[in-house]
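Q: pasted the sequence and its predicted model underneath.
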Amino acid sequence: HRHTQNLPATSLAWGLWAHTSTLTAGLTSVDQARIRRTGLRPLTADQALALFDAAAFGDAGLPLVVPTGLTTTAEAPPPLLRGVVRQARRAARGAASAGSSPTARLTGLTPEERSAALLDLVRTEVATVLSHPDPHTIPPDRPLIELGLDSLTAVELRNRLTTTTHLRLP
């Protein structure tokens, strides 16, 4: 509101801080692992204060700033930024890795081998999402909800499978 009236205004949408607070005290190790997989990393107090100073005393004039730590890799932006950050050399990387795509790996397999490979792929992603220590001990005939899958982890599982298979999954 202040910004639209040309008054000084900057809102800070803080990311996760490393210091445990009342808000984060209930996070389990599974919750923290899920947060790390999104690309977010906790800010130390020194990092957060430096980001506050940059937002408060900088000359950006932005109505909203998101001070947060992000884990970045050369391969891809964090999941939170995939719709915002363009990936450099996407076509070149896609051509180079085309032989290692799930479709390419499944092409020469028998139906039984293909089923086993897909089961292994899904088990691996389920184990990651649920912080399960061994993907091969996940029973293939057991409903995922019985293993602890909830709506949040279901969305994460779908997103991971979409990224891995390059298929748009519902």
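A: Okay, I see it.
Q: the helix or strand of the chain with the lowest mean pLDDT: what's the following helix or strand?
A: Using mean pLDDT, DSSP states H and E, helix 90-96 stands out as the lowest-scoring helix or strand of the chain, at a mean of 45. Beyond helix 90-96 on the C-terminal side, the first helix or strand identified by DSSP states H and E is helix 102-107.
Q: neighbouring contacts of that following helix?
A: When contacts are defined by CB atoms under 8 Å, 6 or more residues apart in numbering, helix 102-107 is touched by residues Ala98, Arg114, Ala117, Leu118, Leu121, Thr164, Thr165, His166. In short, each C-beta sits where N, CA and C put it, glycine included.
Q: hmm, who's touching the next helix or strand after that helix?
A: Heading C-terminal from helix 102-107, the first helix or strand you meet, by DSSP H and E, is helix 111-129. Where contact means CB under 8 Å, 6+ apart, the residues beyond helix 111-129 that reach it are 34, 37, 102, 105-106, 109, 132-136, 138, 140, 144, 147, 149, 153, 156-157, 160-161, 164-165.
Q: can you pull the phi/psi pair for the residue nearest to the spatial centre of the chain?
A: When the chain is reduced to its mean C-alpha position, the nearest residue by CA atoms, centre = their mean turns out to be Thr38, at 2.5 Å. The phi and psi values for Thr38, taken as degrees, to the nearest 10, are phi -80, psi -10.
Q: where do the strands sit along the chain?
A: Defined through DSSP state E, the strands belonging to the chain, from first to last, are 11-12, 40-41, 64-65, 69-70.
Q: mind putting these into CSV with mean neighbour count?
A: Output for the strands of the chain, formatted as CSV (neighbours: other CB atoms under 10 Å):
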stretch, mean neighbour count
strand 11-12, 14
strand 40-41, 18
strand 64-65, 14
strand 69-70, 16
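Q: I'd like the ones you listed written out as a markdown table, with distance to Ser21 added.
A: Written out in a markdown table, the entries for the strands of the chain read as follows (distance: least, CB to CB, whole Å):
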| stretch | distance to Ser21 |
| --- | --- |
| strand 11-12 | 16 |
| strand 40-41 | 16 |
| strand 64-65 | 20 |
| strand 69-70 | 16 |
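Q: let me have those in a markdown table, extended by distance to Ser29 and mean pLDDT.
A: Supplementary listing: these in a markdown table, determined by distance: least, CB to CB, whole Å; pLDDT from 0 to 100:
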| stretch | distance to Ser29 | mean pLDDT |
| --- | --- | --- |
| strand 11-12 | 28 | 87 |
| strand 40-41 | 15 | 86 |
| strand 64-65 | 30 | 82 |
| strand 69-70 | 19 | 82 |
